[in-house]
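Engineer: this one's sequence-less:
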């Protein structure tokens with residue numbers, strides 16, 4: 001697979017009179033391969049949105065190299081801009097325009113056939129609501145409209161910043177299905193979201209950023225495997241006695257909410273054998289596997305970075321150089 005996005009050593013610092021100097025991104029690396037649904041995660045203020053804005057030429061990076069679809073970004077981004085659809089932060093629309101008119105305006109501004117408007121509305125489930133004014137849309141409907149605007153170009157690369165914002169559970173599932181169908185058709189998707197359970201369900205690769213630095217990257221299953229403590233939840237009739245027996249067998253064990261948590265075990269039959277030999281029969285033996293939320297909180301929830309973060313690195317330095325931001329100007333377009 002070829003890399004669709006490559007970022008190496010990205011740096012960005014903001015300066016203001018009130019807040020002074022703030023390092024938003026500090027030597028950040030990211031690689032997204034063709035065909036992936038790639039999750040981009042980080043707490044508020046971690047540098048996610050700044051990274052996406054720098055990649056798209058909306059803010060000027062202080063250092064580092066970036067490429068999009070093989071072209072150095074942002075200086076040669078116009079060469080491939082027609083193949084990239086993106087929503088970053090919360091897009092704003094004219095409230096008195098209908099959803100259909102909004103997309104028609106954007107299509108004409110971007111040189112996209114107007115016939116694509118109905119297709120995009122259909123993809124996000126707004127075909128029957130396209131003639132309503134945007135100001136009457138719910139937050140979730142506005143988010144669907146934003147995704148539709150990103151799909152107008154029928155892009156090879158789709159960048160979505162919090163696409164599930166405001167969606168109800170059914171809408172979240174529909175968005176998940178949409179991303180899967182797009183990936184199946186060959187579209188590469190980079191998605192940022194705070195709904196970590198959704199990211200774990202839909203993404204095959206993930207990159208986690210904290211305080212402007214990458215703290216984990218790789219296949220989702222491999223990142224999670226790096227934090228597997230080989231623990232099991234065990235229920236028996238005499239938990240206190242079971243702890244003594246397991247500790248005597250040089251296993252770690254403790255009582256937690258009436259059950260045992262036994263750690264450091266790669267073969268669960270050892271637990272059953274140790275307890276069964278002493279007449280304690282196991283009523284439950286459940287592996288405690290790490291999920292993306294627990295790993296995310298371990299990597300980013302504390303104040304400090306892990307001294308040696310356990311990474312599954314993606315190789316391949318990008319080429320290109322930093323450049324001037326791109327001014328997007330749409331004027332004189334008849335909607």
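Structural biologist: Thanks, I have it. Here the structure is a predicted model, which is why all the values come from computation and not from measurement.

Engineer: Pull the residues that contact the longest helix seen in the chain.
Structural biologist: Secondary structure of the chain per DSSP state H: the longest helix is helix 169-184. With contact meaning Cβ atoms under 8 Å, 6 or more residues apart in numbering, helix 169-184 is reached by 35-37, 123-125, 140, 144, 147, 158, 160, 163-164, 167, 189, 191, 195, 198, 201-202. For the C-beta atoms, the positions are set from N, CA and C on the backbone; glycine is no exception.

Engineer: Give the buried residues for that helix.
Structural biologist: For helix 169-184, the neighbour count (16 or more other Cβ atoms under 10 Å) marks 171, 172, 174, 175, 176, 178, 179, 182, 183 as buried.

Engineer: Now residue 54. Nearest residue, chain neighbours left out?
Structural biologist: Leaving aside its chain neighbours, residue 54 sits nearest to residue 61 (4.5 Å; criterion: Cβ to Cβ, 6 or more residues apart in numbering).

Engineer: let me fix that: residue 114
Structural biologist: Using Cβ to Cβ, 6+ apart, the nearest residue to residue 114 is residue 107, at 5.3 Å.

Engineer: ok, that neighbour - how many residues close by?
Structural biologist: 21 (other Cβ atoms under 10 Å).

Engineer: Surely it and residue 152 touch.
Structural biologist: Yes - with contact defined as Cβ atoms under 8 Å, residue 107 counts as touching residue 152 (5.5 Å).

Engineer: what is in contact with the two at once?
Structural biologist: 116, 117.

Engineer: What is the burial count for the residue nearest to residue 54?
Structural biologist: 27.

Engineer: follow-up on the earlier one: could you identify the most distant pair in the buried residues of helix 169-184?
Structural biologist: Taking Cβ to Cβ, the two most distant members of the buried residues of helix 169-184 are 171 and 183; they sit 18.8 Å apart.

Engineer: mind listing what the residue nearest to residue 54 touches?
Structural biologist: Per Cβ under 8 Å, 6+ apart, neighbours of residue 61: 10, 11, 12, 25, 54, 322.

Engineer: how about it, secondary structure?
Structural biologist: coil (DSSP: H, G, I helix; E, B strand; the rest coil).

Engineer: That one and residue 47, how far apart?
Structural biologist: Distance of residue 61 to residue 47, computed by Cβ to Cβ, to the nearest Å: 12 Å.

Engineer: can you list residues touching both of those two?
Structural biologist: 12, 25.

Engineer: how close does residue 226 get to residue 290?
Structural biologist: For residue 226, the distance to residue 290 - Cβ to Cβ - is 9 Å.

Engineer: what's next to the helix or strand hosting residue 296, contact-wise?
Structural biologist: Residue 296 is part of helix 292-300 when elements are defined by DSSP states H and E. Outside helix 292-300, the residues that touch it by Cβ under 8 Å, 6+ apart are 41-43, 46, 196-197, 199-200, 206, 208, 210, 215-216, 220, 223-224, 227, 305-306, 309.

Engineer: Narrow those residues to those in helices?
Structural biologist: 196, 197, 199, 200, 220, 223, 224.

Engineer: all helices for the stretch 201-335 of the chain, in order.
Structural biologist: 220-225, 239-248, 269-276, 292-300 (DSSP state H, counting those that start in this stretch).

Engineer: re the thing from before, now the phi/psi pair for the residue nearest to residue 54, please.
Structural biologist: phi -70, psi 150 (degrees, to the nearest 10).

Engineer: Drop anything exposed from the contacts of helix 169-184.
Structural biologist: Buried by 16+ other Cβ under 10 Å: 35-37, 123-125, 140, 144, 147, 158, 160, 163-164, 167, 189, 191, 195, 198, 202, out of those.

Engineer: Would you check how far apart residue 198 and residue 279 are?
Structural biologist: 45 Å.

Engineer: what is the mean pLDDT for stretch 241-249?
Structural biologist: Per-region confidence: stretch 241-249 scores 91 on mean pLDDT.

Engineer: Off-centre distance for it?
Structural biologist: With Cα atoms, centre = their mean, to the nearest Å as the basis, stretch 241-249 stands 42 Å off its chain's centre.

Engineer: buried stuff in that stretch?
Structural biologist: Buried-residue list, stretch 241-249, by 16+ other Cβ under 10 Å: 242, 243, 245, 246.

Engineer: Mind picking the one among the contacts of residue 61 that's closest to residue 70?
Structural biologist: Closest approach to residue 70 among the contacts of residue 61 (Cβ to Cβ): residue 322, at 16.8 Å.
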